[in-house]
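Chemist: Predicted model, plus sequence, below.
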Amino acid sequence: MKLLNKISYYYILNTAILFVFGLLAIYLSVNRIIDGKTRGQLKDTSKEVILKIQHGIINEYPPLVEITELKDKNFTKPAFSDTTIFLASENDRDPYRQYKVYKQIGDKNYRIIVRTSLIEKEDLFSTILIILGIIISFLLAALFIINRFTTRKIFKPFYSNLGRLKTFSLHKNNSLELDRSNINEFNELNNALIELSEKALKEYQSIKEFSEDLSHELQTPVAVIKAKAELLQQEEFEDQETNNNLQSIINNTIKLDKLNKSLVLLAKLETKDFFPSQKTVLKDKIEKIVENFRDIAHSKNLNLKMNLDSNYEADINENLLDIMLSNLISNSIKHNVTGGDIIVGLENSILSIMNSGKVPKQEPVNYFKRFSYDEKSPNSLGLGLAIVKKICNLYGIEIKYSFEKSYHIFIINFEPSR
């Protein structure tokens, strides 16, 4: 839920609760006032009836005034009570408040009951509730609109700065600039963010320069070691162990060179600026990459099949697409079994690469992490799938891995929204 919506929600909720309690307080107050006046009216009416009886006038007005002469002097205290009386004229029972009093007048005993209808009271309450309901609904709507407007105005610098934070990038080496506000807390947050961004920029530049310098400086000694080892290898030493050691040196320098290039590529894959994209027919690119690996697959007695039924064009850097497809095909060859299968399929924007293999020994999500292995191959850097994942993230491509029926399956969707 958005911040503005949440603030408005709680504001209206709390206001509505206060209005409900206020309405209840009004109801109880009005009810108490009306009840007090009703009691006073009934007492005054009973006094008037008694006064008339004392003057020999007995007038009953059922059901409002009832006078009953009693044989015995069996009096109780005067009391108020609520009752309902059936009215034949309306064929219904109406609510009444009554006051019952006993009085000895002369040598006679009387029970006097005076009543007043409560229908008017109910009608009054209904009218009050309707009016208050309309007023409260109008006030809640007005408060909601006013609150949204004022809150949006107050939070305008916040949302503006939030947009700038989303577009802020360490790669551009630009300082973070945020709008000032007349709210102290927002300014404190801005200051903290600016200080944090400046610190992050300095650390990023330091790490970037270190990695670039290290990568550059490694190239020369690695090339020299490889060249010298190859020259020594041409001498054909009689000692087989020496020859084996030279070959090991050459293999490891080649691996070190690949590792250096892979790590540099991973560092660059943080931004698209280094890799302009263009429309590329995916089918043509897959066929080319697969043909490059066909001889290697054949040498390992692997069955390489293609089922490409789409002319989909991917909007991606062509070199990165080559790297991604090469890493996936190479991975399916390295982690296969003798006489196994490699099946490459393309349908619409979805590429699938399946290869037979052993049951994985770790969670699927770990395969996209750096230096993650099931069984470490001497020629594997443990960076192939990490690079593939980085490329997919760079272009919003969805990649999923699963293991079903002895097959490792990679599904790459170039348009996840479909």
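Modeler: Yep, it's here. Numbering: from 1, shown residues only.

Chemist: What's the first helix or strand after the lengthiest strand in the chain?
Modeler: Longest strand of the chain, by residue count under DSSP state E: strand 92-105. Scanning forward in sequence from strand 92-105 by DSSP states H and E, the next helix or strand is strand 108-117.

Chemist: so residue 403 sits in a helix?
Modeler: No: going by DSSP: H, G, I helix; E, B strand; the rest coil, the assignment for residue 403 is strand, not a helix.

Chemist: Name the nearest residue to it, sequence neighbours excluded.
Modeler: residue 360 (5.4 Å; C-beta to C-beta, 6 or more residues apart in numbering). Where C-beta positions appear, they are placed from N, C-alpha and C, glycine not excepted.

Chemist: ok now do the residue lying closest to residue 176 once chain neighbours are set aside, which residues does it touch?
Modeler: Excluding the flanking residues, the one nearest residue 176 by C-beta to C-beta, 6+ apart is residue 197, at 3.9 Å. Applying C-beta atoms under 8 Å, 6 or more residues apart in numbering to residue 197 gives the contacts 168, 175, 176.

Chemist: Which members of the residues you listed are positioned in strands?
Modeler: Per DSSP E, the contacts of residue 197 never map to strands.

Chemist: Check pLDDT for those and point me to the minimum.
Modeler: Lowest pLDDT among those: residue 168, with 75.

Chemist: Return the distance of the residue nearest to residue 403 relative to residue 410.
Modeler: From residue 360 over to residue 410 the distance is 13 Å, taken as C-beta to C-beta, to the nearest Å.

Chemist: for the record, mean pLDDT for stretch 398-409?
Modeler: Stretch 398-409 carries an average pLDDT of 88.

Chemist: picking up where we left off before, who's more crowded, residue 360 and residue 410?
Modeler: The neighbour comparison of residue 360 against residue 410 (other C-beta atoms under 10 Å) goes to residue 410, with 20 against 15.

Chemist: Doesn't that one belong to a strand?
Modeler: Yes: under three-state DSSP, residue 410 falls within a strand.

Chemist: How about the secondary structure of the residue nearest to residue 403?
Modeler: Quick answer, by three-state DSSP: residue 360 is coil.

Chemist: Any chance of CSV for the contacts of residue 197, columns distance to residue 70?
Modeler: Below are those laid out as CSV (distance: C-beta to C-beta, whole Å):
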residue, distance to residue 70
168, 95
175, 100
176, 95
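
Chemist: wait, which of these is closest to residue 230?
Modeler: Proximity to residue 230 was ranked across the contacts of residue 197 by C-beta to C-beta; first place goes to residue 168, at 48.0 Å.

Chemist: Quick one: the strands in the stretch 1-150 of the chain, in order.
Modeler: 65-70, 79-87, 92-105, 108-117 (DSSP state E, counting those that start in this stretch).

Chemist: pLDDT of the helix or strand containing the residue nearest to residue 176, averaged?
Modeler: Element membership of residue 197 [criterion: DSSP H and E] is helix 184-233. If you average the pLDDT over helix 184-233, you get 75.

Chemist: Then stretch 72-83?
Modeler: Here the average pLDDT along stretch 72-83 is 86.

Chemist: swap in stretch 253-272?
Modeler: Stretch 253-272 comes out at a mean pLDDT of 64.
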